[in-house]
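*Asks:* sequence and predicted structure, then a few things I'm wondering about:
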Amino acid sequence: MTVDRTRDDTSTVMHVRCPDRLPEDVFRQVLEQLTELSPVVQALPPSAALVELKGALRYHGVGARRLGEMLRVRTISRLGVDVRVGIGPTITVAATASGRIRPPGGVLAVEPGDAAEWLGSLPVEALHGIGPRQAGILRDYGIHTVGLLAAVPPATVQRLLGGPAGRLGADPG
């Protein structure tokens, strides 16, 4: 039997998106399902959460994708709620991955060594934290993909986008 484990030196993050307009009590129940996988859960109301998986991977003895699939089966069977689960080496990669899954649900795991390549071909508006206004600014400067954005000096990105989006865009993955 092969066990899919993440390297010990790599933090793995799960970003979970629930359906829009999920009742608050059901959202809390989804959070309870997450705490069965990992003790490190951060709610992002009204309908998302972050889960740190590094310790959970060792505890459960399975890979991150398998934990995402387990979560999905549990939320569907126990709560009747399908979730979109993005997994990656950083919050940005995991949140971008969960945003790329079409509703009602699914699991998309991006391995640490594949994150830059996976992000590179995505349009800038797909990057978690980049809204339509920021994407428009970047496109006006000929920056259409996350790969092109990554090639721009961080100070230039921060000057173009300003604030949190500038910091995020300066370090997309």
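*Replies:* Noted; the coordinates are in hand. Numbering: from 1, shown residues only.
*Asks:* can we go C-alpha only for contacts and neighbour counts from here?
*Replies:* Noted.
*Asks:* list the buried residues in stretch 151-162.
*Replies:* 154, 157-158, 160-161 (16 or more other Cα atoms under 10 Å).
*Asks:* nearest to Arg72 among those?
*Replies:* Of all the buried residues of stretch 151-162, Arg72 sits closest to Leu161, with 35.6 Å by Cα to Cα.
*Asks:* local confidence estimate at the closest one?
*Replies:* At Leu161, the pLDDT value in this model is 86.
*Asks:* again with Asp171
*Replies:* With respect to pLDDT, Asp171 has a value of 66.
*Asks:* likewise for Ala155?
*Replies:* 87.
*Asks:* for Pro89, which non-adjacent residue is spatially closest?
*Replies:* Thr12 (4.7 Å; Cα to Cα, 6 or more residues apart in numbering).
*Asks:* contacts only, for the one you found.
*Replies:* By Cα atoms under 8 Å, 6 or more residues apart in numbering, the contact list for Thr12 reads 6, 52-54, 64, 87-90.
*Asks:* near Thr90, how many other residues are there?
*Replies:* 21 (other Cα atoms under 10 Å).
*Asks:* could you pull up phi and psi at the residue nearest to it when sequence neighbours are not counted?
*Replies:* Counting by Cα to Cα, 6+ apart, Thr90 lies nearest to Val13, which is 6.0 Å off, once chain neighbours are set aside. Torsion angles at Val13 (phi, psi; degrees, to the nearest 10) stand at phi -120, psi 140.
*Asks:* from the buried residues of stretch 151-162, pick the one nearest Val30.
*Replies:* Of the buried residues of stretch 151-162, the one sitting nearest to Val30 (Cα to Cα) turns out to be Leu161, at 34.4 Å.
*Asks:* the closest one against Gln134, yeah?
*Replies:* Yes: judged on Cα atoms under 8 Å, Leu161 makes contact with Gln134 at a distance of 6.2 Å.
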